[in-house]
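Student: Take this sequence and fold it.
(one chain, ligands or ions: 1)
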Amino acid sequence: MKLEWITDIPLNDAVKEKMQAAADQCIRTEGISVPCAISVRLCDDDEIARINAFNRGINRSTDVLSFPTVSYPAGLTAGSCTALLRREYDDDLDACFLGDIVISVPHMKMQAHEYGHSEDREASFLLVHGICHLMGYDHIEEEDRVKMRAMEEKVLSSVNATRESSFSESDIELVRKAVDAMRFSYSPYSRFPVGAALHCTDGRVFTGCNIENVSFGMTNCAERTAVFKAVSEGAREFDVIAIAAYGQTPWPCGACRQVLAEFSPDIRILLAHDNVILEKQLSELLPHSIDLNSKENE
Ligand code: THU
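Tutor: Residues are numbered from 1 along each chain as shown. As a prediction, this is how the structure comes out:
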């Protein structure tokens, strides 16, 4: 795969070599027989936020954006569209141009640090994610998301660049449910969809999303939606809640912390955004919580 670098923020050669290997592996794993090219722009958070605002109306920085140039027939990806790729072949470029990818270098570095792994792993992960989009994959519907994740994992494990996670399968499953719950978010005012998935000690999981209102104060956060659904169905003990958003960590607001503390002061909180997961205890986020039975001042 020919990578045309556009460098606002330089990256060291070792990282770029690893990204090149990951890009080549995408082509092999997808089974594309036509030479392909993409552009990869390396910029800072302000620039990616500007591009995000201009193209998607979301004025927030993010880790990676991708802009495909080939439109594949519904349900098909590049590997099964050889004739289409041949038609799109650019003689001057000597390749079929699949599209543009933008990566925020500081965002990539911050995520590598949060995850506790190397920058080349994180950069390869972001590039492969972007290339999958350029090859026709997406992650809006659950079925498509599973296909895209499988493709990403196949490529990344071939180039030894998977994102190692210390989270159990059940935690990751709960995060997936929180991400999925974001689809129902009603957030026309903030344009900040949030999803939550609350795991009860009896094994049930309740999901929730944020529901906004033109009278802003009437907004209900994703976490409280999930808690109220659970309590109204008889569940009052929770051990884990996953909260998901895009672009930034969805720290629970004070009201949600207090509502969670009412039922499960020892709950674990998984905060997920854009493939990054942080774990906190509620007691860390809400210290010195009110306790009417406290013997402290007797
Ligand atoms: N929000 C949540 O749903 N949960 C959080 O953890 C933080 C904030 C929502 C409320 C509002 O709809 C939007 O995010 C912006 O604050």
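
Student: Only C-alpha atoms from now on, for both contacts and neighbour counts.
Tutor: OK.

Student: hmm, who's touching the lowest-mean-pLDDT helix or strand in the chain?
Tutor: Least confident helix or strand of the chain, by mean pLDDT, DSSP states H and E, is helix 105-115 with a mean of 86. The contact list for helix 105-115, computed with C-alpha atoms under 8 Å, 6 or more residues apart in numbering, reads 9, 11, 42-45, 62-63, 118-119, 121-123, 126, 165, 276-278.

Student: among these, which are in strands?
Tutor: In strands, defined here by DSSP state E, the members of the contacts of helix 105-115 are 42-43, 276-278.

Student: which one in those is the model shakiest on?
Tutor: The member of the ones in strands among the contacts of helix 105-115 with the lowest pLDDT is V276, at 79.

Student: Quick one: neighbours of it, just the number.
Tutor: By other C-alpha atoms under 10 Å, 17 other residues sit near V276.

Student: before we move on, what about the one 3 residues further on?
Tutor: The tally of other residues near E279 (other C-alpha under 10 Å) stands at 12.

Student: how about stretch 286-298 as CSV, C-alpha atoms only?
Tutor: Output of stretch 286-298 as CSV, limited to C-alpha atoms (Å, rounded to 0.1, in the frame of the first residue of the first chain):
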residue,chain,number,x,y,z
LEU,A,286,-17.4,10.5,45.3
PRO,A,287,-15.3,10.7,48.4
HIS,A,288,-16.8,11.8,51.8
SER,A,289,-20.3,10.8,50.6
ILE,A,290,-23.2,11.6,52.9
ASP,A,291,-24.0,8.8,55.4
LEU,A,292,-26.9,9.4,57.8
ASN,A,293,-25.7,6.5,60.0
SER,A,294,-22.2,7.9,60.4
LYS,A,295,-20.9,7.6,64.0
GLU,A,296,-18.1,10.0,63.1
ASN,A,297,-19.2,12.9,65.3
GLU,A,298,-20.7,11.1,68.3
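
Student: Is any residue of that stretch near the ligand?
Tutor: No: on the criterion C-alpha under 6 Å from any ligand atom, stretch 286-298 is out of touch with the ligand, staying 13.6 Å away.

Student: quick one: the helices in the stretch 101-250 of the chain?
Tutor: Under the criterion DSSP state H, counting those that start in this stretch, the stretch 101-250 of the chain carries helices at the ranges 105-115, 119-134, 142-158, 169-181, 222-231.

Student: Okay, buried residues for the longest one please.
Tutor: If you call a residue buried by 16 or more other C-alpha atoms under 10 Å, then helix 142-158 has these buried ones: 148-149, 151-156.

Student: what's the closest of the helices of the stretch 101-250 of the chain to the ligand?
Tutor: Of all the helices of the stretch 101-250 of the chain, helix 222-231 sits nearest to the ligand, with 4.0 Å by C-alpha to the nearest ligand atom.

Student: So the closest one, near the ligand or not?
Tutor: Yes: Helix 222-231 lies within reach of the ligand by C-alpha under 6 Å from any ligand atom, at A222.

Student: Tell me how many other residues surround the residue in the stretch 101-250 of the chain positioned nearest to the ligand.
Tutor: Per C-alpha to the nearest ligand atom, C221 is where the stretch 101-250 of the chain lies closest to the ligand, at 3.2 Å. For C221, the neighbour count with other C-alpha under 10 Å is 22.

Student: what's the closest residue to it other than its chain neighbours sitting at in phi/psi?
Tutor: Spatial nearest neighbour of C221, chain neighbours left out: N210 (4.3 Å); criterion: C-alpha to C-alpha, 6 or more residues apart in numbering. Here is the backbone geometry of N210 (degrees, to the nearest 10): phi -80, psi 140.

Student: picking that back up, filter the contacts of helix 105-115 down to just the buried residues.
Tutor: 42-45, 62-63, 119, 121-123, 126, 276-277.

Student: Surely T201 and A230 touch.
Tutor: No: applying C-alpha atoms under 8 Å, one finds T201 not in contact with A230, separated by 11.4 Å.

Student: Just want to know which of these two has more residues nearby.
Tutor: For T201 and A230, the more surrounded residue by other C-alpha under 10 Å is A230, and the numbers stand at 22 against 13.

Student: so what's the more buried one closest to, chain neighbours aside?
Tutor: F206 (5.9 Å).
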